[in-house]
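K.L.:
okay, here's the prediction I keep looking at, along with the sequence it came from:
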Amino acid sequence: MSARTLSEALLARAAGRRDASPGDLLTCQVDKCLATDITAPLSIEVFRRMGARRVARPDSLILVNDHFVPAKDIESANFARAMREFAKEQKIERYFEVGRSGICHALVAERRLVSPGEIFVGADSHTCTAGALGAFATGVGSTDLAAVWALGELWFRVPETVRVVLDGTLPAYVTSKDVILRILSEIGVDGGRYMAIEFAGDGLAALPMEARLTLCNMAVEAGAKAGLVPPDEVTARWVAETGGTLALALAPDAGARYARTLPVDLSRLEPLVAVPFLPSLVQPVRELRGTPVDQVFIGSCTNGYLTDLRDAARVLRGRRVADGVRLIVTPATQEIYLRATREGILSDMVEAGAAVTTPTCGACLGGHMGVLGSGETALATTNRNFRGRMGDTNSRVYLANPWVAAATAVAGTICLPEDLP
Amino acid sequence: MKPGALLRGRARVFGDHVDTDVIIPARHCATLDVDELGRHAMEGLDPGFPSRIGRGDIVVAGRNFGCGSSRETAPLALLGAGVGAVVAASFARIFFRNALNVGLPIFECPDAVAACGEGDALEIDPSQGGLTHLKTGRAFPLAPYPDQLLRIVDAGGLVPYVRRRLGVD
Ligand code: SF4
């Protein structure tokens, strides 16, 4: 019996085995599976081509309207309609309609749609976000997802694991976004390819669940299959809030073998920015001070959470967005939207001159409500700055945390809150 | 993909980390029409790509091809544009699964990209696991697929595989 990393332990159990080693191909039972308005329609078509009539386990399906909704055009309306009709036909309870929805990964965490220890696949690459809950969560394509609908299982290659050990506490204006940018700059956009990133260390205890979601969200930006935080007190509190369960939670074994261990001293981090066109091209904010932007976007499954909006509002309160700059704020879910409204965060933002939108992926993927034109530059709290990600091929995106985003919106150039008058 | 059939085409060369946002921008993804997707293939890097390539051309790229979004429209767009195969030093994992699932032949080969110029004639022999640069005669080994994947590839992709499992066929 060998010591197992968290991924090895979770995948082995789901395959009905005691052990699993990197490179093993296992067929695992899938506990939950996710599709969205842009990936479900292809899954539905493939599901039919597979000759399937009923999904194997309706209670495992999660269907979320988030990318191009409220429908941005007729094609998107028809995509959303296809998913809505499928949900009805298959009697899927966890179907989330516009107005009662949010960005899928934020929604999964908020509503505890996935529990610690579960195997969770999603037809969206940022499905790895749910690793923050201690689930094995990974992104797949629409055909793989259709196979899960039909069979309730999927094959997985057991990944090697990189262990990231966090120590110390974060300084002012530094968030878990900077932690993951730091990791990306160190290992690169394929440094975690086919691997799992497992977080550990004393520094983890001080990171609340939302900060962990940000951390695991961008594991895929290193090419990783999953990012995982072993369940602890923070997880237990988060789960308990809605009477969720830790029954399936597992921990990594002491003495498990890691492909690599990467220590990160949180107290020595500073606010960072990923510059075009890779999330791993990271520089400190202080080296980019003065870079002008046309738009700032605060939102997405990376940094559209309540804490993120609170941080940004603290900077914006009593200030104005710079002339010539557009600030777009998109709360990640309806619940976050509501709470931010009640706390007065959104009115602070609107007073500052921000455009606050309904929850959606929207601008993050250049979909709608904040698409960039040719030659435009944005600073965004999102996760990808690939060429053309937020719009025209000749637009540019810088990635940063919400503190930096809010300060940049006020100054009109990249800066820190402490640089503002 | 018919396992084993010879593939011939001209090299279309790209660098490292070709992401799915440049293979097919999200704004073109609200369709399942493969030809329509093909008209925007590689738009983010090379808008003239779909009109320039010949049917069966082989995309040859560096590391981490297909990184980023899980959109299956990426391999579909390449198929729609007429791409016959992708040979890369390495692939991002979701793209790798998606390509096999939709029947886009892909092969891992660390050294091909450095040896291929734009438009060079190439031949791939999947059954022998080899790629040949026809002008120089240089041969490159292609990484074999793991067994479990071969079962899916041999079944003709994931759709026929699931049909068999469901007892439909
Ligand atoms: S917010 Fe952006 S990264 Fe997250 S799921 Fe939506 S499009 Fe993808």
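P.N.:
Looks like it came in fine. Numbering: from 1, shown residues only, chains lettered A, B, ... in the order given.

K.L.:
what pLDDT is listed against the residue in the stretch 151-300 of chain A that the ligand sits nearest to?
P.N.:
Residue nearest to the ligand within the stretch 151-300 of chain A (Cβ to the nearest ligand atom): A:S300, separated by 3.8 Å. To be clear about C-beta, it is placed using only N, CA and C from the backbone, and glycine gets the same treatment. With respect to pLDDT, A:S300 has a value of 98.

K.L.:
over to A:M1?
P.N.:
So A:M1 comes in at 65 (pLDDT).

K.L.:
for B:D57, same thing?
P.N.:
In this prediction B:D57 is given a pLDDT of 97.

K.L.:
so how far is B:A61 from the residue lying closest to it once chain neighbours are set aside?
P.N.:
Nearest residue to B:D57, sequence neighbours excluded (Cβ to Cβ, 6 or more residues apart in numbering or on different chains): B:G9, at 4.3 Å. Using Cβ to Cβ, to the nearest Å, B:G9 is found at 14 Å from B:A61.

K.L.:
coming back round to it: in contact with the residue of the stretch 151-300 of chain A closest to the ligand, which residues?
P.N.:
A:103, A:330, A:332, A:361, A:364, A:380-383 (Cβ atoms under 8 Å, 6 or more residues apart in numbering or on different chains).

K.L.:
which of those are close to the ligand?
P.N.:
Within the set of the contacts of A:S300, contact with the ligand (Cβ under 6 Å from any ligand atom) is found for A:103, A:361, A:364, A:382-383.

K.L.:
excluding chain neighbours, what is closest to the residue in chain B positioned nearest to the ligand?
P.N.:
As assessed by Cβ to the nearest ligand atom, the ligand sits closest to B:S69 within chain B, at 6.9 Å. Nearest residue to B:S69 in three dimensions, chain neighbours excluded: B:T20, at 4.5 Å (Cβ to Cβ, 6+ apart).

K.L.:
can you read off the pLDDT for that neighbour?
P.N.:
Predicted confidence (pLDDT) for B:T20: 97.

K.L.:
now it: phi and psi?
P.N.:
phi -70, psi -20 (degrees, to the nearest 10).

K.L.:
my guess is B:V162 contacts A:A56. True?
P.N.:
No. With contact defined as Cβ atoms under 8 Å, B:V162 does not reach A:A56; the gap is 10.8 Å.

K.L.:
of the two, which one has the most company?
P.N.:
Set side by side, B:V162 and A:A56 show more neighbours around B:V162, with 26 against 16, by other Cβ atoms under 10 Å in any protein chain shown.

K.L.:
so what's that one closest to, chain neighbours aside?
P.N.:
Nearest residue to B:V162, sequence neighbours excluded (Cβ to Cβ, 6+ apart): A:M50, at 4.4 Å.

K.L.:
mind checking how far the one you found is from the ligand?
P.N.:
26 Å (Cβ to the nearest ligand atom, to the nearest Å).

K.L.:
that residue against B:D169, yeah?
P.N.:
No. Taking contacts as Cβ under 8 Å, A:M50 lies outside contact range of B:D169: 10.3 Å.

K.L.:
give me the common contacts of these two.
P.N.:
Common contacts of A:M50 and B:D169, defined by Cβ under 8 Å, 6+ apart, comprise B:R163.

K.L.:
which one of those two is surrounded by more residues?
P.N.:
A:M50 (24 against 10).

K.L.:
report the rounded mean pLDDT for the helix or strand containing A:E351.
P.N.:
Using DSSP states H and E, A:E351 sits within helix A:345-352. For helix A:345-352, mean pLDDT rounds to 98.

K.L.:
pull it out as CSV, backbone CA atoms only.
P.N.:
The C-alpha trace of helix A:345-352 is given here as CSV (Å, rounded to 0.1, in the frame of the first residue of the first chain):
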residue,chain,number,x,y,z
ILE,A,345,-20.9,48.2,-2.7
LEU,A,346,-22.6,48.5,-6.0
SER,A,347,-23.9,52.0,-5.4
ASP,A,348,-20.4,53.0,-4.4
MET,A,349,-19.2,51.6,-7.8
VAL,A,350,-22.0,53.2,-9.8
GLU,A,351,-21.3,56.6,-8.1
ALA,A,352,-17.7,56.2,-9.1
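
K.L.:
what residues are up against residue 64?
P.N.:
Went with chain A since none was named. Contacts for A:V64 were tallied using Cβ under 8 Å, 6+ apart; they are A:34-37, A:96, A:101-104, A:107.

K.L.:
not what I meant, chain B
P.N.:
Per Cβ under 8 Å, 6+ apart, neighbours of B:N64: A:189-190, A:193, A:223, B:16-18, B:90-92.

K.L.:
on that earlier part again, list just the nearest of the contacts of A:S300 to A:P402.
P.N.:
A:T381 (5.3 Å; Cβ to Cβ).

K.L.:
okay, now the nearest residue to the closest one once chain neighbours are set aside: neighbour count?
P.N.:
In space, and not counting its chain neighbours, A:T381 is closest to A:N303: 3.5 Å by Cβ to Cβ, 6+ apart. A:N303 has 31 neighbours, counted by other Cβ under 10 Å.

K.L.:
joint contacts of B:V162 and A:A56?
P.N.:
Contacts common to B:V162 and A:A56, judged by Cβ under 8 Å, 6+ apart, are A:150-151.

K.L.:
so which of the contacts of A:V64 sit within helices?
P.N.:
Among those, the members found in helices (DSSP state H) are A:104, A:107.

K.L.:
pick out the most distant pair among the contacts of A:V64.
P.N.:
Largest pairwise distance in those, by Cβ to Cβ, is 15.2 Å, between A:A35 and A:G102.

K.L.:
what would the contacts of A:S300 look like in a markdown table with neighbour count?
P.N.:
Converted to a markdown table, the contacts of A:S300 look like this (neighbours: other Cβ atoms under 10 Å in any protein chain shown):
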| residue | neighbour count |
| --- | --- |
| A:I103 | 31 |
| A:T330 | 27 |
| A:A332 | 31 |
| A:C361 | 30 |
| A:C364 | 28 |
| A:A380 | 29 |
| A:T381 | 30 |
| A:T382 | 30 |
| A:N383 | 27 |
